[in-house]
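Student: pasted the sequence and its predicted model underneath.
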Amino acid sequence: MKYFKETEFNNFKMMDKKLLAMLDNMRELYGYPIKITSSYRSPEHSIEAAKQEPGEHSYGAAVDIVSDGGGKTFRLVKAAIEAGFTRIGISRKKGFIHLGIGYPGAPAKTIWTY
Ligand SMILES: [Zn+2]
């Protein structure tokens, strides 16, 4: 990757290669550093275990990144869409954006809030 170190992911080997390429491209489009707060989560991770089915993070098909809201969130979401992300979750309360590329059975194109 051009902009991210493997150590920025908690388990780089488990990350989807397509997502990594898209994330690098998004970073290029955005033009500023992007901080990853969550990446791969095993199905046993407390957040995943609490769900009916493990989510996108357990497929290595999603990351959460820091976003403080306002114009920054707009520019991050814009870059994410331009880079091809089609599953975007925005948390204003916790200050992050979820970026996903999907997994079997997940809606292909969606934006949600937390
Ligand atoms: Zn997430």
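Tutor: Right, received. Where do you want to start?

Student: burial check on Val66, number of neighbours?
Tutor: 15 (other CB atoms under 10 Å). Placement of C-beta: from N, CA and C, glycine included.

Student: pull the contacting residues for it.
Tutor: Shown in contact with Val66 (CB atoms under 8 Å, 6 or more residues apart in numbering): Ile34, Lys35, Thr37, Gly95, Phe96.

Student: what subset of those is buried?
Tutor: Using 16 or more other CB atoms under 10 Å as the burial test, the contacts of Val66 include Ile34, Phe96 as buried.

Student: secondary structure and pLDDT for the contacts of Val66 - can I get that in CSV?
Tutor: Putting those into CSV (DSSP: H, G, I helix; E, B strand; the rest coil; pLDDT from 0 to 100) gives the following:
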residue, secondary structure, pLDDT
Ile34, coil, 98
Lys35, coil, 98
Thr37, strand, 97
Gly95, coil, 96
Phe96, strand, 97
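
Student: now for the contacts of Val66, which pair is the farthest apart?
Tutor: The largest distance within the contacts of Val66, taken as CB to CB, falls between Ile34 and Gly95 and amounts to 13.3 Å.

Student: nearest residue to the residue of the chain found nearest the ion other than its sequence neighbours?
Tutor: Closest to the ion within the chain is His98: 3.4 Å, counting by CB to the ion. Nearest non-adjacent residue to His98, counting by CB to CB, 6 or more residues apart in numbering: Gly89, 3.5 Å away.

Student: any idea which element that neighbour lies in?
Tutor: According to DSSP states H and E, Gly89 maps onto strand 87-91.

Student: that strand pairs with which strands?
Tutor: strand 96-100 (antiparallel), strand 110-113 (parallel) (DSSP bridges).

Student: spell out which residues of this structure are next to the ion.
Tutor: Ala62, Asp64, His98 (CB under 5 Å from the ion).

Student: cutoff 8 Å now
Tutor: Ser38, Gly55, Glu56, His57, Ala62, Val63, Asp64, Gly89, Phe96, His98, Leu99, Gly100 (CB under 8 Å from the ion).
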